[in-house]
Structure formats: C-alpha cells, structure tokens
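J.: Need coordinates for the following:
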Amino acid sequence: MKIIDHIFMALKRLRLRFFESLVIIIAIGLGTGVICVALALTFAYTDQASMIQDSKYNMQIRIQSGEDNIFSMSSGITRVGERIPVPAKLTLDVIHDIKNNCNTIQYVFIQEGRSISFAEPEETSRAVRGPMTMEEHEQWMKEWEKYNLQVRSITPDYFGFNELHLAEGNLFTDYDVKEGNRVIVLGPEAAQRLFPEGDPIGKKVLIVNQQPLTVIGVLKPIEEDSRYEMVFNYENNYGYIPVTVNTYPHEVDGEREYNLIIAVPKDPKKMEEAEREINAYLKGLFTEGYTVSSNFTAMRDIREIVFKGQIIAGLAASLGLLIAAINILNLMMARVLRRTKEIGILVALGSSRRSIFSTFLWEAMLMGLFGALLGFGISIVGEKIVTSLLEYFPINIDYRVFLSAVGISGFISLLFGIYPALQGARVNPVDALRTD
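T.: Here you go, the predicted model:
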C-alpha cells in the first residue's frame, strides 16, 4: 500500500469520526500554541541578550580622570577634612602606553563630540530670535545644517573599532594627531552636503575665526542594522578630525589632558580580565585620581535575568508539552477503545496487524499536522497578546517557532500515537466481535 493511499485512508477515517478527531486536533493545537509562545519568548530573550552583548557601547572599558565616588560630584561637595585626590593626567602618551603594554586590549582611543561653524556671508547668518513657527524652525534648521557640521575629535583607533572604511582618500594617522595637522575625514552624507559639485579630496573646509581643514578622506556609507532600531546611525553625516586640532578660537595649543579614554578588549568575553590588566598597569603610572569601569557587572546581571527568563519560558513550554501529551494519549486510547469492533471486523476480513497499526499511526500523524497548523495560528494570537502586555519586549513568531511547532506536534503525535496503535493492532478479533 502506497503512502498516498495511507494518507487518503486516514483522511477518510478522520472525516467519518469528525468531531472526535476535531477534539484531538484542538488539544494538540492548544498545547502547540502554548509551546510556540513559550519558545518565542525564549528566542526573544536570547536575541535581546545577544543584541545587548554585541552593542559596541558594552564592549568599552572607560578610563576616567578623577575618583569615582559620591563625594566627587560636580557640585563640589566634600566631607570636612577630606583630601581631594589629584586627577590623573590622561594624555596621548597614556593611550600609547596602554595599547603597547596591555596584551588583552585591541583598541584605545579618545572621542569628543563638537560642532563647528563654517564661514558664511554676513547676510545669510542665522540666529534664534524669539519663538518660531514650525515652518520657520524647519527653515532655520536647514540653514544651520548648511553652515554647521557635527564632528568627532578622535584618535585613529576610533575608525577601526567602529568599522569605518574609506571610500576614497586616506584616514589620518597617529602622526597627524601628534602634529595637530588640520585635516578632516568626512562621512558620505557630509561630503555630499558640503561639496555637492564633486570630489572633496584636497579641498578646504572653512571655519569661523580658524584656519581651514583639509579634506583627506571620505568614508563608505554605513548601513543601519535592523536589530538596533533604537540606535540611530549619524556617522554618515559626521566629520572626523584629530583630537589635537583646535576648532574653537579660545583653545590653546600644546599637550592636552583628557577626561576619558576608551579601551576595547580583543575578546569581549574577557572584559573582566582586560579591566584588571588596565587597572594593574595604571597603578604603575598613577597612585590615584583615575577610575576604570565597564558594563561587565551590568552585562552579568543581564545574562542572569535572561537565564531566568529562559527557565520560566522553558517551564511553560514543558507544561504545554505535558498537557498536550496527556490529552493526546487519553484521546487516542479512547479512540481505539471505541473502534474495537471495527478492528475485529478488519482482522476477520484479512487485514494484518501491521496494516491496522499503520492506519492508527497515520491518523495520529495527520492529526498532529493539523494540530500544528492550528497551534501556529493560536501562537500568532498569543504573540499579539504578549506583545501588548510587554510593550518594550516584543516577541516574534518566526520560522524557528513554526519549524519547532511542526516538529514538536509531529513528535508528540508519533510518540503518543504509537502506543494506542500497538494496542489496536493487538486486539483479539474474537473478543472484538463480541463487543457491542
């Protein structure tokens, strides 16, 4: 007997016992729906944890000038008699020392954000004067963008850490930073906005009351990652200059000190080890006046929360699986008992026990398939409910959940359909024919 014949025969028997089959399919569907929602929660927890762990911000070790305690607040409040620690002098030499002496560190850099104003004709100067309508504000913003540029004052490792690649020209180097060379690397949108007429390489960016900056490179566009919908990519519209370049008239040339240095380990999983190594090295340079911190502790807490969430979701899935299994087993056994006389007649007419076993097993597998489809539909409804309750933690019923639903339903139906099928195949035809 061909497989297609078994399928048609099983469908025919399901139709003859429609309501009985429907009850079993609903039981499978409810159990599968609960499992799917629980699996979706588990996948959502895992994806959220992965997104947070992969965030560039959480890979950073922050080295700050000044003591990190509640008495070093910006308000200047200190305890009576307390000695105020002398802040550590974080200079470019400290960056080079950390990178050359700490084996766990891959990148060390400084980043500072600022805005520079371009030279502009006096008649086009824009200033905020009193309340503006929405149209006036939009027009003012267009003019502001036309004559202003957001820049990052950085050291070269910033490019490597943020995976910023050149479309043309060159990036500036440690030599440019050391010499304070007045060069700039533009994001693609910034380059297009400032130099719509053509190639910006070698051209000057004029700054109010300052010497111009020479464009030496243009970056490739950065594509937004859909996993990080809350993170906006501004890099395409930024300019990048050496951290030693002055862009304000009041700044003084010479060796500067910085409040924050960022270090990035080679292996994000060894964040704690890298943090210890930096601390140990800095103790040889400074006795006090600095702090080393990262999100390692916060990430450890997040992993614990995610693990607990996965356990809860796993328990819910296990409960749904147990309920589905018990219902299917009971309903399938009842189905066999109701068809005892039918089985006896089939055996009397020459049907083999193998054929009877196959009949019940195919019926169980088809009901499992229909139950999986019903369960997947139930899980979609469950997704809407859970998402509305957990507004900031949406779940997604994707292909992983669908394949899991089909696989689990098929496994349950096959596993708990075998025993009733065996019982049906073992029915004594003489006893079966005596059954009313």
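J.: Does Thr387 lie in a helix or a strand, and which?
T.: Assignment of secondary structure by DSSP states H and E places Thr387 within helix 353-389.
J.: what angle sits between the helix or strand just after that helix and helix 353-389?
T.: Counting by DSSP H and E, the next helix or strand C-terminal to helix 353-389 is helix 399-425. On the basis of axes from the mean of the first three to the mean of the last three CA atoms, to 10 degrees, helix 399-425 is oriented at 150 degrees to helix 353-389.
J.: Offset the numbering so it begins at 12, please.
T.: Sure thing, new numbering starts at 12, so read that last one as helix 410-436.
J.: out of everything not next to it in sequence, what's closest to Arg346?
T.: Glu31 (6.3 Å; CB to CB, 6 or more residues apart in numbering). C-betas here are computed from N, CA, C, even on glycine.
J.: Next up, phi/psi of the one you found, please.
T.: Main-chain dihedrals, Glu31, degrees, to the nearest 10: phi -60, psi -40.
J.: if we can go back for a sec, what pLDDT, on average, does the helix holding Thr398 get?
T.: When pLDDT is averaged over helix 364-400, the result is 79.
J.: Summarise which helices and strands that helix is packed against.
T.: In this structure, helix 364-400 makes packing contacts with helix 14-27, helix 29-65, helix 307-349, helix 351-359, helix 410-436, judged by 3 or more CB pairs under 8 Å, 6 or more residues apart in numbering; DSSP states H and E.
J.: right, and the residue nearest to Arg346 touches Leu348 too?
T.: No - with the criterion set as CB atoms under 8 Å, Glu31 and Leu348 do not qualify as a contacting pair; they are 11.6 Å apart.
J.: who does the longest strand along the chain touch, helix- and strand-wise?
T.: Ordering each strand of the chain by length in residues (DSSP state E) puts strand 221-230 first. Strand 221-230 is packed against strand 177-180, strand 194-197, helix 199-205, strand 215-218, with contacts defined by 3+ CB pairs under 8 Å, 6+ apart.
J.: Sort out which residues of that strand are buried, please.
T.: Across strand 221-230, burial judged by 16 or more other CB atoms under 10 Å covers 221, 224, 226-230.
J.: quick one: strands adjacent to it?
T.: Each strand pairing with strand 221-230, determined using DSSP bridges, is listed with its direction: strand 177-180 (antiparallel), strand 194-197 (parallel), strand 215-218 (antiparallel).
J.: circling back to that earlier point, save the helices and strands packed on helix 364-400 as JSON lines, and put in distance to Asn270 and mean neighbour count too.
T.: Compiled in JSON lines, these are given as follows (distance: least, CB to CB, whole Å; neighbours: other CB atoms under 10 Å):
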{"stretch": "helix 14-27", "distance to Asn270": "72", "mean neighbour count": "13"}
{"stretch": "helix 29-65", "distance to Asn270": "26", "mean neighbour count": "20"}
{"stretch": "helix 307-349", "distance to Asn270": "21", "mean neighbour count": "16"}
{"stretch": "helix 351-359", "distance to Asn270": "84", "mean neighbour count": "18"}
{"stretch": "helix 410-436", "distance to Asn270": "45", "mean neighbour count": "19"}
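J.: Determine which of these approaches Leu101 most closely.
T.: helix 307-349 (20.9 Å; CB to CB).
J.: Walk me through the domains of this structure.
T.: The record's domain split for the chain, according to automatic domain parsing, is 14-65+313-445, 122-268.
J.: can you redo those domains as CSV with distance to Ile72?
T.: Output for the domains of the chain, formatted as CSV (distance: least, CB to CB, whole Å):
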stretch, distance to Ile72
domain 14-65+313-445, 15
domain 122-268, 12
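J.: nearest to Lys281, of these?
T.: Distance to Lys281, taken as CB to CB, is lowest for domain 14-65+313-445 among these, at 13.2 Å.
J.: Specify the beta-bridge partners of Gly180.
T.: In this structure, Gly180 bridges to Gly228 when assessed by DSSP bridges.
J.: So it is in contact with Val226, correct?
T.: Yes - counting by CB under 8 Å, Gly180 touches Val226, with 7.3 Å between them.
J.: Who are the contact partners of Gln75?
T.: If you count contacts by CB atoms under 8 Å, 6 or more residues apart in numbering, Gln75 has them with 270-271, 301-304.
J.: oh, I was asking about Arg346
T.: Residues counted as contacts of Arg346 (CB under 8 Å, 6+ apart) are 28, 31, 35, 431.
J.: and what of Ile37?
T.: Counting by CB under 8 Å, 6+ apart, the residues that Ile37 touches are 382, 385.
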